[in-house]
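**Q** the sequence and its predicted three-dimensional model are supplied below.
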Amino acid sequence: MINVTKPFLPPREEYDSYLDQIWKNNWLTNNGPIVNELELRLKDTLDLEHLLFLSNGTIALQIAFKALKLTGEVITTPFSYVATSSSLAWEGLTPVFVDIDRHTLNLDHRLIEKAITDQTTAILATHVYGNPCEIEEIENIARRYGLEVIYDAAHCFGTTYKGTSVFGFGDISTASFHATKLFHTIEGGAVFSNDPEIIATMSRMRNFGHDGPSQFTGVGINGKNSEFHAAMGLVNLKHIADIMATRKRQYQLYIEKLENLEVQFQQINPDATFNYAYLPIIFKTENDLLTAIKALNNHYIFPRRYFYPTLNYLAYVKNTACPIAESISKRILCLPLFHELSDSAIELICRVLVRTQRYHFTDKKTKGFVVKANGKITV
Ligand SMILES: Cc1ncc(COP(=O)(O)O)c(C=O)c1O
């Protein structure tokens, strides 16, 4: 069976040596020495001055909204994981959906201004599948209207934009270090900001608002993470260069083997070094996608419809039509991609897809849909 993803597990003895340390320290959580070490190592690896390690990427978003004192409406994308919208709703904020760009799959910055009202306090954009948004354009709009910018960079470990970690952009960026991510701490996440005061606020917020053992400044939550999770992060960091190099090679093999499949690939920001975290392909029709899933399932291959459905029709948000996101979401499929995935498995997946296209897709020659596998799209 080949699933869409499989968590990376480091050699057991490497984790065991951290367990020995934890037993020796007798310190399990509450900003322990291993959490501190992970934070320092992450700052070095990412070349960033400030970050906080948190319990997950959803709490990271919620703490970001609180730290920036957001109220009212937040302009956001309908094409992301549910946590991007649910965290807004959970914090009593109103997501206002703006459609995406059909090539990059990120929030379309050209549509943001029209959605701004006197209630808008922020823009929350996801760097979809690790592909950086149009950062300058979004930040220019935010500056003009006095809005905060938060990037949901859950997928972005290892991605850079103009030579800097993409986590370094926006008023706050957030990350997820969930087990399925390129870099993981089993459960985990982080917040990033270049403003030390915002970091200090978020640091109190992740620890119930504590500002000393018996002092509190502002409302807080339990957003801490444990020594066990940090230890997994430290071990995984030793392997991250190898994980990323393998991922790039696997991605390129897919692209090469799918050359004759008439699907669209995500257009990657030319100013980025991409992390190749996911392999999404966009079929011409939903019917073709369903046919492809069935054929893959017959070979015990389980890709994932991700992101599907779009977030603008969740029961607890104000529904707004976003036709591009809705159309893409019905036709996009993430193919299996994980460290242990063998070349022969990738070749099998590609063979099944190409064969299925030949015999079963609805229209093999849809006019105006020519997309080349190098990500350069001609429509
Ligand atoms: C885009 C996006 N945002 C937020 C999250 C939430 O992160 P976590 O699972 O660490 O809470 C995820 C998780 O998959 C995600 O993909």
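**A** Now that the structure is in, tell me what you want to look at.

**Q** enumerate the beta-bridge partners assigned to Thr120.
**A** For Thr120, the beta-bridge partners under DSSP bridges are Glu73.

**Q** around it, count how many other residues there are.
**A** Thr120: 21 surrounding residues under other Cβ atoms under 10 Å. Where C-beta positions appear, they are placed from N, C-alpha and C, glycine not excepted.

**Q** show the contacting residues for it.
**A** Residues near Thr120 by Cβ atoms under 8 Å, 6 or more residues apart in numbering: 72-75, 96, 145, 147.

**Q** near the ligand, which residues of the protein?
**A** Residues of the chain lying close to the ligand by Cβ under 6 Å from any ligand atom are 56-58, 80-81, 83-84, 126, 152, 154, 176, 178, 189.

**Q** quick check: mean pLDDT across stretch 49-56?
**A** Average pLDDT, stretch 49-56: 98.

**Q** for Arg143, see how far away the closest residue to the ligand within the chain is.
**A** As assessed by Cβ to the nearest ligand atom, the ligand sits closest to Gly57 within the chain, at 2.7 Å. Applying Cβ to Cβ, to the nearest Å, the value for Gly57 to Arg143 is 26 Å.

**Q** now Glu73
**A** Counting by Cβ to Cβ, the separation of Glu73 from Arg143 is 18 Å.

**Q** which one of these two is surrounded by more residues?
**A** Applying other Cβ under 10 Å to Glu73 and Arg143 shows that Glu73 carries more neighbours, namely 20 against 10.

**Q** pLDDT weak spots in this structure?
**A** Residue ranges of the chain with pLDDT under 70: 363-379.

**Q** can you list the domains in it?
**A** Residue ranges for the domains of the chain, per automatic domain parsing: 2-235, 241-378.

**Q** just those: most buried one?
**A** Neighbour counts (mean count of other Cβ atoms under 10 Å) averaged over each of the domains of the chain peak at domain 2-235, with a mean of 20.

**Q** return the distance of that domain from the chain's centre.
**A** Relative to the chain's own centre, domain 2-235 is displaced by 10 Å; criterion: Cα atoms, centre = their mean, to the nearest Å.

**Q** end to end, how far does it reach?
**A** Separation of the first and last residues of domain 2-235 by Cα to Cα, to the nearest Å is 25 Å.

**Q** start the count at 43, not 1, going forward
**A** All right, first residue 43 from here; so that's domain 44-277.

**Q** centroid-nearest residue for the chain?
**A** Centroid-nearest residue in the chain, with Cα atoms, centre = their mean: His197, separated by 2.5 Å.

**Q** in a strand, Arg83, correct?
**A** No. Under DSSP: H, G, I helix; E, B strand; the rest coil, Arg83 falls outside any strand and is assigned helix.

**Q** quick one: contacts for it?
**A** By Cβ under 8 Å, 6+ apart, Arg83 lies in contact with 276, 279.

**Q** for Ala367, same thing?
**A** 119-121, 139, 141-142, 352, 354.

**Q** narrow the residues you listed to those in strands?
**A** Members of the contacts of Ala367 lying in strands (criterion: DSSP state E): Phe139.

**Q** farthest pair in the contacts of Ala367?
**A** Across the contacts of Ala367, the longest distance by Cβ to Cβ is 10.7 Å; it joins Ile142 and Asn354.

**Q** list the residues that contact both of those two?
**A** Counting by Cβ under 8 Å, 6+ apart, the residues touching both Ile142 and Asn354 are 120, 364, 367.

**Q** distance to Leu276 added to those residues, as TSV?
**A** Listed next are the shared contacts of Ile142 and Asn354 as TSV, based on distance: Cβ to Cβ, whole Å:
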residue	distance to Leu276
Pro120	36
Cys364	40
Ala367	38
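
**Q** which of these sits closest to Thr71?
**A** Using Cβ to Cβ, the shared contacts of Ile142 and Asn354 come closest to Thr71 at Pro120, 36.3 Å.

**Q** got the residue ranges for the helices in this structure?
**A** 54-67, 75-88, 99-109, 124-132, 154-157, 177-187, 238-247, 269-299, 328-340, 365-373, 385-402 (DSSP state H).

**Q** can you add distance to Thr202 and give the ones you listed back as TSV?
**A** Converted to TSV, these look like this (distance: least, Cβ to Cβ, whole Å):
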stretch	distance to Thr202
helix 54-67	27
helix 75-88	9
helix 99-109	19
helix 124-132	22
helix 154-157	24
helix 177-187	12
helix 238-247	21
helix 269-299	12
helix 328-340	32
helix 365-373	25
helix 385-402	26
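
**Q** check contacts around Pro137.
**A** Counting by Cβ under 8 Å, 6+ apart, Pro137 makes contact with 115-116, 118, 127, 130-131, 166, 353, 359-360.

**Q** grab the nearest non-local neighbour of Ile214.
**A** Leaving aside its sequence neighbours, Ile214 sits nearest to Ala106 (Cβ to Cβ, 6 or more residues apart in numbering; 4.2 Å).

**Q** ok, the one you found - contacts?
**A** Neighbouring residues of Ala106 by Cβ under 8 Å, 6+ apart: 192, 214, 216, 233, 244.

**Q** from Ala314, how far off is it?
**A** Distance, Ala106 to Ala314, by Cβ to Cβ: 22 Å.

**Q** rewinding a little: just the shared contacts of Ile142 and Asn354 now: which is nearest His252?
**A** His252 has its nearest neighbour among the shared contacts of Ile142 and Asn354 in Pro120, at 37.1 Å by Cβ to Cβ.
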